[in-house]
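Undergrad: coordinates only, sequence not included:
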């Protein structure tokens, strides 16, 4: 027959009944707490109902900074220490307890012996007994510790108390971890809204059926639509008729491969009926409520397309145009010798013309570029087409800048001679993609913490 345990609550329960009761209370606490501070208070109340204690604190360990913080401390003493004083009093003991695989139940006498033997760092002992239990998540990683202290001469903490706290410690850790993820997610959502509204690219959020849920203000500039006019419409409707089938296919590919970012160039149609060439990247957002959305970053490349067309049409036109655009324009021969670079290219690379002209392109763009050029010039399927890829460009001061390269062959007297390179600085696009990636990772962590806690 299972042993009944007498705790401060006065209830005589079997151990399994007490654990189940506490876990239910923790679940209710997580659900009702609006933030971490409220959750800490509720955890304290749940435990203090079962175990009488003069002081109670929660310590949290940060693996990145290697620091211990004390976000919650409650004391019934007439002159309780402040957080700084508490840290001074218990830092050594807390650090030691966190390094141990099992909970610690210590009296002041035992602790004095540990301090004198240099097992624990510390000087001031303000309690008669101390019970500390590491908070370990389901992956056995300790996120901190809960500690109970008493100052009365009578010693009441027992092995039963230690066992009880040990059995609920993982649930407490999971509850804290879940609420941490939830709060971090709220912060990420706020940052995401700033990113969304102030981004230089058009941004869209689409549901799994292909309908637009949200669009930022940039759509008004590039497509002439107010964001509210786009919400609820099928995203296919704002694409060129000939590209709609491809849009549907891309949406299906995104939903079937949720960890992959898809990129494409297609034509949107503005409100007034103008064609707007766009380069888009799409990634999946996995929301905490289980819904799946598609986030699309959309760059207007109309001007870029016009530049490429002009550069293909005439060598005479490209020199005039090349000096008046923001993209780097560079020309090299089939041996890699640089023949021409425009002012934007010099500004990007921090070089002057005499350092660049006559040098080999591999010094600027590296081995990967040479491999891409070889692929472009030897693959018959790419013979007369544009060739697009991303690469890092090396600047004079040693920095690496991500650029998108477009290769094409310049024609002269009806035969291919030089390689034309158009390079676009894509740092802003990369920052947007990285922000979305981080936000999505937070969504995944929040979902994981939620699933772990509520699967208990």
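TA: Cool, got the structure. Because the structure is predicted, anything quoted here is derived from the model rather than measured.

Undergrad: can you list the weak-confidence ranges in the stretch 351-456 of the chain?
TA: Applying pLDDT under 70 to the stretch 351-456 of the chain flags residues 380-386, 411-416, 443-456.

Undergrad: what about the helices in it?
TA: For the stretch 351-456 of the chain, the helices defined by DSSP state H, counting those that start in this stretch cover 353-356, 361-378, 427-454.

Undergrad: and for the chain?
TA: Remark: helices assigned in the chain by DSSP state H are 15-32, 36-48, 83-98, 108-116, 159-198, 218-222, 227-230, 244-256, 302-313, 315-322, 343-349, 353-356, 361-378, 427-454.

Undergrad: where among those is the average confidence lowest?
TA: Among the helices of the chain, helix 315-322 has the lowest mean pLDDT, at a mean of 61.

Undergrad: I figured residue 231 hits residue 213, correct?
TA: Yes - using CB atoms under 8 Å, residue 231 is in contact with residue 213, at 6.7 Å. Just so you know, the C-beta spots here come from the backbone N, C-alpha and C atoms, and that holds for glycine as well.

Undergrad: on that earlier part again, which one, of the helices of the chain, ends up nearest to residue 65?
TA: helix 83-98 (13.9 Å; CB to CB).

Undergrad: buried ones in the closest one?
TA: 86-87, 89-90, 92-98 (16 or more other CB atoms under 10 Å).

Undergrad: again, but for stretch 130-149
TA: By neighbour count on 16+ other CB under 10 Å, the buried set for stretch 130-149 is 130-137, 142-149.

Undergrad: report the lowest-confidence entry in those.
TA: Within these, pLDDT reaches its minimum at residue 137, with 83.

Undergrad: nearest residue to that one in space, please, no chain neighbours.
TA: In space, and not counting its chain neighbours, residue 137 is closest to residue 173: 4.9 Å by CB to CB, 6 or more residues apart in numbering.

Undergrad: what sits against the one you found?
TA: With contact set as CB atoms under 8 Å, 6 or more residues apart in numbering, residue 173 has these partners: 135-137, 142-144.

Undergrad: filter these down to the ones in strands?
TA: Using DSSP state E, 135-136, 142-144 are the members of the contacts of residue 173 that sit in strands.

Undergrad: go through those residues and name the one nearest residue 340.
TA: residue 143 (58.6 Å).

Undergrad: if we can go back for a sec, could I get the buried residues of helix 83-98 as TSV with distance to residue 241?
TA: Output for the buried residues of helix 83-98, formatted as TSV (distance: CB to CB, whole Å):
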residue	distance to residue 241
86	69
87	67
89	73
90	70
92	72
93	72
94	67
95	67
96	71
97	68
98	64
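
Undergrad: out of those, who's nearest residue 104?
TA: Once CB to CB is applied, the member of these that ends up nearest residue 104 is residue 97, at 5.0 Å.

Undergrad: spatially nearest residue to the closest one (excluding sequence neighbours)?
TA: Leaving aside its sequence neighbours, residue 97 sits nearest to residue 132 (CB to CB, 6+ apart; 4.1 Å).

Undergrad: same thing with residue 23?
TA: Nearest residue to residue 23, sequence neighbours excluded (CB to CB, 6+ apart): residue 171, at 5.3 Å.

Undergrad: show me the contacts for residue 304.
TA: 277, 327, 422, 424.

Undergrad: out of the residues you listed, which is most surrounded?
TA: Neighbour counts for these (other CB atoms under 10 Å) peak at residue 422, which has 25 neighbours.

Undergrad: I'd say that residue and residue 405 touch.
TA: Yes - in this structure, residue 422 is within contact of residue 405 by CB under 8 Å, at 7.4 Å.

Undergrad: in the protein, which residue is most central in space?
TA: For the chain, the residue nearest the mean C-alpha position is residue 438 (1.8 Å; CA atoms, centre = their mean).

Undergrad: how close does that one get to residue 121?
TA: Residue 438 sits 38 Å away from residue 121, going by CB to CB, to the nearest Å.

Undergrad: for residue 108, same thing?
TA: Counting by CB to CB, the gap from residue 108 to residue 121 is 16 Å.
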